[in-house]
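Colleague: Here's my sequence, what's the structure:
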Amino acid sequence: MALTDLPVLGMLRTRMQWAQARQGLIAENVANADMPGFKPRDLAELRFDRATGTAINASPGLALTSPAHLAPPGQSEAGADAKGAKRFEIRPNGNAVNLEDEMMKAGDNQSDYQLAASLYQHSLTTLKIAIGKS
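Modeller: You can find the predicted model right below:
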């Protein structure tokens, strides 16, 4: 078993991959802020099973089990949620993107990613010290 196969490191990698996918959706929302009829999307919150440390799919229904699979109708990413977006302001052209909300989500997402990356790096450093490589 490789050191990088530890459950804690796997959870941190999964969290970073989730943050990366979420950043792509946030960027897509911002890019389409002026497109008539565009509805913003976001990923469902990532949760882990306490016993196994594996990610739990928070969205009911169909889920992607491989990147090569086609996404369910209305979703381009696993866990993408078009209905979960807050719709406080919908413009007359049907666009529901609120740039302030998207920028807040992007900042929070960046902080989450940096935290996971920092924990991952520190965990690897600690493991190196434990096995005698510094």
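Colleague: Report the central residue of the protein.
Modeller: Trp18 (3.0 Å; Cα atoms, centre = their mean).
Colleague: continuing past the helix or strand where that residue lies, what's the next helix or strand?
Modeller: Trp18 belongs to helix 7-31 when assigned by DSSP states H and E. Next along the chain after helix 7-31, taking DSSP H and E as the criterion, comes strand 42-43.
Colleague: and that following strand, how far out from the chain's middle?
Modeller: 7 Å (Cα atoms, centre = their mean, to the nearest Å).
Colleague: ok, it: who's next to it in the sheet?
Modeller: With DSSP bridges as the test, strand 42-43 is paired with strand 80-81 (antiparallel).
Colleague: Quick check: which ranges of the protein have low pLDDT?
Modeller: For the chain, applying pLDDT under 70 flags the ranges 1, 3-4, 51, 53, 57-88, 134.
Colleague: In it, which helix is the longest?
Modeller: Counting by DSSP state H, the longest helix found in the chain is helix 99-130.
Colleague: about what we covered before: contacting residues for the residue nearest to the centre of the chain?
Modeller: 43, 46, 55 (Cβ atoms under 8 Å, 6 or more residues apart in numbering). Backbone N, C-alpha and C define where each C-beta goes, glycine included.
Colleague: Give me the buried positions along stretch 40-59.
Modeller: Buried residues in stretch 40-59, counted by 16 or more other Cβ atoms under 10 Å: 40-44, 46, 55, 59.
Colleague: Pick out the most distant pair among those residues.
Modeller: The most widely separated members of the buried residues of stretch 40-59, counting by Cβ to Cβ, are Pro40 and Ala55 (23.3 Å).
Colleague: Can I get the contacts of Trp18 in JSON lines including distance to Pro36?
Modeller: Output for the contacts of Trp18, formatted as JSON lines (distance: Cβ to Cβ, whole Å):
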{"residue": "Leu43", "distance to Pro36": "24"}
{"residue": "Leu46", "distance to Pro36": "32"}
{"residue": "Ala55", "distance to Pro36": "35"}
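Colleague: ok, of these, which one's closest to Asn32?
Modeller: Leu43 (16.5 Å).
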